[in-house]
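K.L.:
Give me a model of this one.
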Amino acid sequence: MSENPEETIRIYTGPTMLAQALRSRLNDINIEPITKDDHQSGIVSGFATGVPGQVRLFIRKDELPKAQSVIDLFLKDVEEE
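P.N.:
Next comes the predicted model:
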């Protein structure tokens, strides 16, 4: 059974502003994360779920080796603030 390279993995959950910063860093290395905002999606569909201002970022599993150092550095930078 082979792994589907289109499968995604969650790389970040947190405030929208920080997610946008991580997205920008990943875009710099030609990776386009998928953003999921359950709260905003719920508002649009008429029922609010999730935590306001919290989003999740996902990338394809096959992109993780390329993205890992960027993610690690980002998380280190965020903890130091």
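K.L.:
Could you pick out the longest helix of this protein?
P.N.:
helix 64-80 (DSSP state H).
K.L.:
Identify all contacting residues around that helix.
P.N.:
Contacts with helix 64-80, where a contact means C-beta atoms under 8 Å, 6 or more residues apart in numbering, come from I9, I11, Y12, L18, A21, L22, R25, L26, D28, I29, I31, I59. From N, CA and C alone the C-beta is placed, and that goes for glycine too.
K.L.:
and these, which are buried?
P.N.:
Buried members of the contacts of helix 64-80, counted by 16 or more other C-beta atoms under 10 Å: I11, Y12, L18, L22, R25, L26, I31, I59.
K.L.:
which phi and psi does the residue most central in space within the chain have?
P.N.:
With distances taken as C-alpha atoms, centre = their mean, L57 lies nearest the centre of the chain, 1.4 Å away. Phi and psi for L57, reported as degrees, to the nearest 10, are phi -110, psi 140.
K.L.:
which ones are touching it?
P.N.:
R10, I11, Y12, T13, A19, L22, R23, P33, I34, T35, K36.
K.L.:
which ones are touching T13?
P.N.:
Contact partners of T13, counting by C-beta under 8 Å, 6+ apart, are Q54, V55, R56, L57.
K.L.:
Would you mind confirming that the first one is in contact with P15?
P.N.:
Yes. Because the distance of 6.6 Å satisfies C-beta atoms under 8 Å, Q54 is recorded as touching P15.
K.L.:
Show me where this protein has its strands.
P.N.:
Secondary structure of the chain (DSSP state E): strands located at 8-15, 34-36, 54-60.
K.L.:
could those go into CSV alongside distance to L75?
P.N.:
Converted to CSV, the strands of the chain look like this (distance: least, C-beta to C-beta, whole Å):
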stretch, distance to L75
strand 8-15, 8
strand 34-36, 17
strand 54-60, 12
